[in-house]
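Student: My questions are about this predicted structure, shown below with the sequence.
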Amino acid sequence: MKTRTKLRLLGGAILLFNLWLIGQYSIEGIPALLMTFGFGIAYEYVVVRRASE
C-alpha cells in the first residue's frame, strides 16, 4: 500500500471520529463545518500532499 493511501485511510478514521463527536455532543454550525470539511481539506493539502513530494 502506498504512503498516500495509508494517510488517507488514517484521515478517514479521524473524520469518522469527528462525525461521532458531532453527533454525540450535538455540535452545529461553523464548528461542525470546520470539523468535517475544514479537517478534510487541510489534511489533504498539508499532510497527504507533502508526503507525496
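Tutor: Perfect, I can see it now. Numbering: from 1, shown residues only.

Student: Off-centre distance for the longest helix anywhere in the chain?
Tutor: If you go by DSSP state H, the chain has its longest helix at helix 3-24. When C-alpha coordinates are averaged (C-alpha atoms, centre = their mean, to the nearest Å), helix 3-24 and its chain have centres 5 Å apart.

Student: List the buried residues of the helix or strand just after that helix.
Tutor: Where DSSP states H and E defines the elements, the next helix or strand beyond helix 3-24 is helix 30-33. Residues of helix 30-33 classed as buried: Ala32 (neighbour count, 16 or more other C-beta atoms under 10 Å). Using the backbone N, CA and C atoms, a C-beta is placed for each residue, glycine as well.

Student: Also stretch 18-33?
Tutor: Buried positions in stretch 18-33, judged by neighbour count with 16+ other C-beta under 10 Å: 18, 22, 32.

Student: any chance of these in a markdown table, with pLDDT and distance to Phe39 too?
Tutor: Formatted as a markdown table, those follow (pLDDT from 0 to 100; distance: C-beta to C-beta, whole Å):
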| residue | pLDDT | distance to Phe39 |
| --- | --- | --- |
| Asn18 | 97 | 6 |
| Ile22 | 97 | 11 |
| Ala32 | 97 | 11 |
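
Student: want to try a markdown table for the residues you listed, with distance to Val48 as columns?
Tutor: As requested, the buried residues of stretch 18-33 are exported to a markdown table (distance: C-beta to C-beta, whole Å):
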| residue | distance to Val48 |
| --- | --- |
| Asn18 | 17 |
| Ile22 | 22 |
| Ala32 | 23 |
